[in-house]
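K.L.:
need a structure here:
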Amino acid sequence: MTSKPYVVVAGTDFSPDAARALQTAFEYARREAPAELHVAHVAFAVVTEPTRWFLPEVDLATMPAQTLYELNARLVSQIGAVLGAYVRRQIGVRVSGHARVDFPSVGLSYLCSELVAD
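P.N.:
Next up, the predicted model:
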């Protein structure tokens, strides 16, 4: 019989405060190892083509135009920059990234439910 790993979900907006929160979430997961840390960035909108937004009802005048692929690459880069040294040590925490399109609070809540987060 295998036991379920402890599941932690952390959201990020790529800010310095989010980086500190990500480090704290990793340490929390490490204390509960075996564990999984799922890092998520939930965007209001992404571009599907250079001139077409996925969620046109959102005011996008001040938002940078990024594809979901670009957001995912940025997320992977942040995970590596913030947690790279920890992850390379293989200390009982598996780290995954999730880039999604939704309202941030809703997207994070759905991810927590899907993963049966602790």
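K.L.:
alpha carbons only for contacts and neighbour counts from here, please
P.N.:
OK.
K.L.:
which residues does the most centrally placed residue in the chain bridge with?
P.N.:
The structure's the chain has its C-alpha centroid closest to residue 40; by Cα atoms, centre = their mean the separation is 1.5 Å. Here residue 40 shows beta-bridge partners residue 11, residue 98, assigned using DSSP bridges.
K.L.:
pLDDT at it, what is it?
P.N.:
The per-residue pLDDT reported for residue 40 equals 97.
K.L.:
just checking, it touches residue 12?
P.N.:
Yes: because the distance of 6.1 Å satisfies Cα atoms under 8 Å, residue 40 is recorded as touching residue 12.
K.L.:
list the buried residues in stretch 23-34.
P.N.:
Within stretch 23-34, the residues that count as buried by 16 or more other Cα atoms under 10 Å are 23, 25, 26, 29, 30, 32, 33, 34.
K.L.:
show me which of the residues you listed is closest to residue 110.
P.N.:
Within the set of the buried residues of stretch 23-34, residue 25 lies nearest residue 110; the separation is 18.5 Å, counting by Cα to Cα.
K.L.:
residues making contact with the helix or strand where the closest one lies?
P.N.:
When secondary structure is defined by DSSP states H and E, residue 25 falls within helix 16-31. Residues lying outside helix 16-31 but in contact with it, judged by Cα atoms under 8 Å, 6 or more residues apart in numbering, are 6-12, 35-37, 39, 78, 82-83, 91-93.
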